[in-house]
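Student: What follows is a predicted protein model with its sequence.
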Amino acid sequence: MTADHPHVPPDPSLAQRIRIVLVGTQHPGNIGSAARAMKTMGLDRLVLVAPQRAPDVESFALAAGANDVLDGAVIYDTLAEAVADCRLVLGCTARSRRISLQELMPREGAERAVSIAAEAEVALVFGRERTGLENHELQLCHAAIHIPANPDYSSLNLAAAVQVISYELRLALLASPEANSPTPAVSAERNPPASHAQLEHFFAQLAETLDAIDFHKGRSPDSAMRKLRRLFLRADLEDRELRLLRGILADASRMAMLAGQR
């Protein structure tokens, strides 16, 4: 163990605020292998989103003793539900031009995840074995993590990708300043951060308001909304700040309605 990562057990409360989310997993065996990868690195919060098949005998066989991780897995119908209470959502994906997201190296992403986990919930999201995350799922992510594999043979299987990210999370947890502080103090000046669900409600209201004031002038709203999502996600909004913004949108919508009546 290097001096940068002394052999001090990471704070379990930090790890408990980090969840690994598998979306649309096609093969139950991959769920078991991912659970094994997680447990070797001290992670146990596994979330499944609409798996094609629930964990079965093959899953437990490939989990190789990580049965508690599989037993504790929570299943949701949609990714939005699975990350609703999260402050940070990182999508683990191959480099793609389908959607513009800030791209992080695994170590950088893990360090950011652990930093946020000191006070809020974090999700690391992995997509389907063959097709990865879909556009609307990537839209729910604050940033993307890209594993810089061999460009001539970059096909990592799901469990291998989970292992790489779990390892980086382990290093970040060991190096975290909170490693010896089971109850890290949150600044008294910091108001509660806006949750993922609150942000999604805000984005829905923003889209409706932009329509109400005819902001798009007949153009497709998709591009503008993607840019606005990135802007507000990057702002790391507090709950109080989000309420202020929603109040502004409500007044803008009201004025647009009154103008339409006149």
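Tutor: Right, received. Where do you want to start?

Student: hey, let's count contacts and neighbours off CA atoms from now on
Tutor: Noted.

Student: And stretch 250-260, what's buried?
Tutor: Ala252, Ser253, Ala256 (16 or more other Cα atoms under 10 Å).

Student: quick one: secondary structure of the first one?
Tutor: Ala252 falls in the helix class when you classify it by DSSP: H, G, I helix; E, B strand; the rest coil.

Student: Now do it against Gly218, distance only.
Tutor: 19 Å (Cα to Cα, to the nearest Å).

Student: Same check on the last one?
Tutor: In this structure, Ala256 and Gly218 are 17 Å apart, going by Cα to Cα.

Student: Please apply the same query to Val125.
Tutor: Counting by Cα to Cα, the gap from Val125 to Gly218 is 35 Å.

Student: got the contact list for stretch 119-131?
Tutor: The contact list for stretch 119-131, computed with Cα atoms under 8 Å, 6 or more residues apart in numbering, reads 17-26, 83, 85-93, 113, 116, 132-134, 157-158, 162, 184, 186, 193.

Student: and the spatially closest residue to Arg36 that is not a sequence neighbour, what does it touch?
Tutor: Distances taken as Cα to Cα, 6 or more residues apart in numbering place Ala63 nearest to Arg36, at 4.8 Å, with adjacent residues excluded. By Cα under 8 Å, 6+ apart, the contact list for Ala63 reads Ile31, Gly32, Ser33, Ala34, Ala35, Arg36, Leu70.

Student: Buried only: go through the residues you listed for me.
Tutor: Applying 16+ other Cα under 10 Å to the contacts of Ala63 flags Ile31, Gly32, Ser33, Ala34, Ala35, Arg36, Leu70 as buried.

Student: Among the residues you listed, which are located in helices?
Tutor: Ile31, Gly32, Ser33, Ala34, Ala35, Arg36, Leu70 (DSSP state H).

Student: what's the distance between Gly109 and Met38?
Tutor: On the measure of Cα to Cα, Gly109 and Met38 end up 16 Å apart.

Student: oh, I was asking about Arg246
Tutor: With Cα to Cα as the criterion, Arg246 and Met38 are 39 Å apart.

Student: give me the number of residues near Val57?
Tutor: 11 (other Cα atoms under 10 Å).

Student: how about the spatially most central residue of the chain, phi and psi?
Tutor: By Cα atoms, centre = their mean, the chain has its centre lying nearest to Val89, at 1.9 Å. For Val89, the backbone dihedrals are phi -130, psi 120 (criterion: degrees, to the nearest 10).

Student: shouldn't it be in contact with Ala143?
Tutor: Yes. Using Cα atoms under 8 Å, Val89 makes contact with Ala143 at a distance of 7.2 Å.

Student: how about Leu48, secondary structure?
Tutor: Leu48 is classified as strand under three-state DSSP.

Student: who's in contact with it?
Tutor: Val21, Leu22, Val23, Gly24, Thr25, Ala73, Val74, Ile75, Tyr76.

Student: let's see it at 6 Å
Tutor: Val21, Leu22, Ile75 (Cα atoms under 6 Å, 6 or more residues apart in numbering).
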